[in-house]
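Participant: 3D, please:
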Amino acid sequence: MATQEVTAQPNLIVSVAALVALIGAATLCGAWFFQYVLDIRPCPLCLEQRYGYYLAIPLAAVIAWSGGRLPRAVALAGLAVIALAMTANGALGVYHSGVEWGFWPGPTDCSGPPADISGGNLLGRLGNVKVIRCDEVQWRFLGLSLAGYNVLISAAMAALAVMGIVKRDAQA
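Facilitator: Numbering: from 1, shown residues only. Okay, the predicted model is just below:
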């Protein structure tokens, strides 16, 4: 019986990590689809919200790929880092959503990249600059913006990582 528990536990951690990596990768692919296919350009806060995914996806993939061969403490530490990163990412999404709803002011750098004003027709170039503001929603579905969906997805990923830690510890 004890042998079954030992083999079942790494599988739970591996499964949780694989699910976190899959959800994160699908989320990033969705963000890139909106950006490159639908031409919904990200503001600076949108880009910052991707950092959590850039950390969580490879870390979760390594934990999943290990197939339970990582030392228990290393795998649990990895899940803890994922949980913390996605919690912070969700908090950034809450902040961005609040900026979009006008609950508080956003950062001053949400005015897009500066135009190249060296020589030539300045007014003509300014007409081609697309300013991406953090306080203007470019897309909503069911009342939520992409920042709002990031909050939900980040919370789900953090909860999965915590579940992997808690269930693993409860049965260890």
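
Participant: on contacts alone, who are the packing partners of the one helix or strand residue 95 maps to?
Facilitator: Element membership of residue 95, judged by DSSP states H and E, is helix 72-101. Judged by 3 or more C-beta pairs under 8 Å, 6 or more residues apart in numbering; DSSP states H and E, helix 72-101 is in contact with helix 2-32, helix 44-48, helix 51-65, helix 146-171. C-beta: built from backbone N, CA, C; applies to glycine.

Participant: relative to residue 109, which of the ones you listed is closest?
Facilitator: Minimum separation from residue 109 across those (C-beta to C-beta) falls at helix 44-48, 5.5 Å.

Participant: lowest-confidence helix or strand of the protein?
Facilitator: When each helix and strand of the chain is scored by mean pLDDT, DSSP states H and E, helix 122-126 comes last, with a mean of 63.

Participant: so what strands line up beside the very next helix or strand once past that one?
Facilitator: Of the helices and strands lying after helix 122-126 in sequence (DSSP H and E), the nearest is strand 140-141. Strand 140-141 has its sheet partners listed here by DSSP bridges as strand 144-145 (antiparallel).

Participant: give me the contact list for the strand it pairs with.
Facilitator: For strand 144-145, contacts defined as C-beta atoms under 8 Å, 6 or more residues apart in numbering pick out 97, 100, 137-139, 152.

Participant: one more pass at 10 Å, please.
Facilitator: Applying C-beta atoms under 10 Å, 6 or more residues apart in numbering, the set of residues contacting strand 144-145 from outside is 46, 93, 96-97, 100-101, 136-139, 150-152.

Participant: cool, stretch 28-46 as well?
Facilitator: Contacts of stretch 28-46 (C-beta under 10 Å, 6+ apart): 47-50, 53-54, 57, 92-93, 95-97, 99-100, 106-107, 109-113, 130-136, 138-139, 145-147, 149-150, 153.
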